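Student: Structure, please.
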Amino acid sequence: MFRLIPAIDILNKQLVRLKQGDYNQATFYSQSPVEMAHHYQSMGFNYIHVVDLNGAKDGDLVNLSTIQRLAEIPDIQIQVGGGVRTLTHVDKLVQAGVSAVIIGSLFVQNFKLACSIIEAYPNQIIAGLDVLNGKLATHGWVKDSNMPIEDMIKKLSKFPLHSIVSTDISKDGTFNGLNLGLYERISKISSHPIIASGGVASANDIRLLKQINHARINGCIVGKAIIEGRISQQDVIELT
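Tutor: Numbering: from 1, shown residues only. Just a heads-up that it's a prediction; the model follows:
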């Protein structure tokens with residue numbers, strides 16, 4: 001089943017979207033993260049992608065209180081990433097009511113620890129494998145690694161992950177469309193579901209993703225395009 005997943009990015013407790021992962025190119029919105037979650041719910045969504053942008057850069061759960069408020073909304077499930085570096089961080093998020101936890105930087109920094117967390121929470125950990133020029137980026141996208149995303153996907157093939165979320169940072173927040181070639185390529189080598197993210201400008205971008213028609217591609221995260229009204233209620237009905 002293909003799932004359209006709306007996004008809430010939190011910076012200093014506010015709803016925000018970055019352009020190409022640049023903290024200096026942030027658009028702040030008048031709605032609070034909780035208000036946005038209720039808006040998504042009114043559109044028919046019951047599952048939301050949440051990122052703690054402070055945490056992603058600082059390596060701690062800076063916006064945990066806001067995340068907990070989101071998790072407490074009835075009939076809403078959330079997947080959360082940003083700043084998850086330890087098993088204790090995962091414990092706290094799960095205890096707060098988070099359905100799935102996204103780990104990104106830790107796979108590059110300490111692969112052994114990341115894999116031990118997967119084993120501790122089978123099918124609840126999402127690998128956040130975000131790329132710039134085909135290489136994994138870490139620490140809220142402010143640091144590069146030399147590892148191609150394909151290498152990491154192969155290393156993770158035997159672990160009980162929930163899914164893999166991958167964002168092309170060069171596309172994120174630009175309305176320039178998804179990197180369809182990236183998702184077509186990695187879906188062929190992954191043993192886990194692939195969730196696309198970054199660059200969606202309209203419902204047509206999601207239709208093009210679905211046309212790849214690969215069983216591993218089963219979702220797309222959309223933030224700015226919904227927040228700014230580029231994707232309508234009718235689009236949501238048609239695409240899910």
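
Student: What strands flank the host helix or strand of Val51, and is each parallel or antiparallel?
Tutor: Per DSSP states H and E: Val51 is located in strand 47-52. The pairing partners recorded for strand 47-52 under DSSP bridges are strand 3-11 (parallel), strand 77-81 (parallel).

Student: After it, heading C-terminal, what element do we hit next?
Tutor: Per DSSP H and E, strand 47-52 leads on to helix 53-58 as the next helix or strand towards the C-terminus.

Student: Which secondary structure element of this structure has the lowest mean pLDDT?
Tutor: Ranked by mean pLDDT, DSSP states H and E, the helix or strand of the chain with the weakest confidence is strand 143-148, at a mean of 74.

Student: CA atoms of the strand holding Val51 as CSV?
Tutor: Extracted in CSV, the C-alpha atoms of strand 47-52 (Å, rounded to 0.1, in the frame of the first residue of the first chain):
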residue,chain,number,x,y,z
TYR,A,47,0.3,9.2,10.2
ILE,A,48,2.8,12.1,10.3
HIS,A,49,6.5,12.4,9.8
VAL,A,50,8.1,14.6,12.5
VAL,A,51,11.6,16.0,12.6
ASP,A,52,13.3,17.8,15.5
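
Student: can you list the residues that contact that strand?
Tutor: 3, 5-10, 33, 37, 40, 61-64, 67, 70, 76-83, 99, 102, 165, 197, 221, 223 (Cβ atoms under 8 Å, 6 or more residues apart in numbering). Every C-beta, even on glycine, is put in place using the N, C-alpha and C of the backbone.

Student: Are any of these buried, and if so which?
Tutor: Buried subset of the contacts of strand 47-52 (neighbour count, 16 or more other Cβ atoms under 10 Å): 5-10, 33, 37, 40, 61-64, 67, 70, 76, 78-83, 99, 102, 165, 197, 221, 223.
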